[in-house]
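In: structure of the sequence below:
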Amino acid sequence: MAIAIIGGTITSTILTLLVVPTFYDSIEIARDRAIAKFHVREARGNAFVAFVLTFFEAIFALLLIRSIYRLALWLFFGVRRRIKPSHVPEVRAAPMQGD
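Out: Alright, predicted model coming up:
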């Protein structure tokens, strides 16, 4: 029983001092970014359109759709960059002395 009490105390301390403040800080940073994006979009044009775009972006971020979309882009364009075009000749290094 002492192991359970010590483990619970350590777990609750870590959650209270590290995890919960980090979570709240990340939420606050995301809120500040969303407000800044809204103000930039509002300055460009219609406030209603800016609100709708910012709102749906927040919903997509919460649903991880944006992360999945970025991962797909990264995979697609990352793979395309690694493929060597066929018209580029292969460059070979000069042989070292003694080869």
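In: and the contacts of stretch 11-31?
Out: residue 61 (C-beta atoms under 8 Å, 6 or more residues apart in numbering). Placement of C-beta: from N, CA and C, glycine included.
In: ends of that stretch, how far apart?
Out: 28 Å (C-alpha to C-alpha, to the nearest Å).
In: buried stuff in it?
Out: Residues of stretch 11-31 include none that count as buried (16 or more other C-beta atoms under 10 Å).
In: now it, how far from the centre of its chain.
Out: Here stretch 11-31 is found 18 Å from its chain centre; the criterion is C-alpha atoms, centre = their mean, to the nearest Å.
In: just stretch 44-52 next, same as before
Out: The answer for stretch 44-52 is 25 Å, by C-alpha atoms, centre = their mean.
In: what comes up buried for it?
Out: Quick answer for stretch 44-52 (16+ other C-beta under 10 Å): residue 50.
In: C-alpha coordinates for that stretch, CSV please?
Out: What follows is stretch 44-52, C-alpha atoms only, in CSV (Å, rounded to 0.1, in the frame of the first residue of the first chain):
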residue,chain,number,x,y,z
ARG,A,44,-7.5,42.9,-44.9
GLY,A,45,-11.3,42.8,-45.4
ASN,A,46,-14.6,41.7,-43.9
ALA,A,47,-14.7,40.9,-40.1
PHE,A,48,-17.3,38.2,-40.6
VAL,A,49,-15.1,36.3,-43.1
ALA,A,50,-12.1,36.7,-40.8
PHE,A,51,-14.1,35.2,-37.9
VAL,A,52,-15.4,32.3,-40.0
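In: what sits against residue 69?
Out: No contacts exist for residue 69 under C-beta under 8 Å, 6+ apart.
In: can we see that at 10 Å?
Out: Residue 69 makes contacts with residue 60, as judged by C-beta atoms under 10 Å, 6 or more residues apart in numbering.
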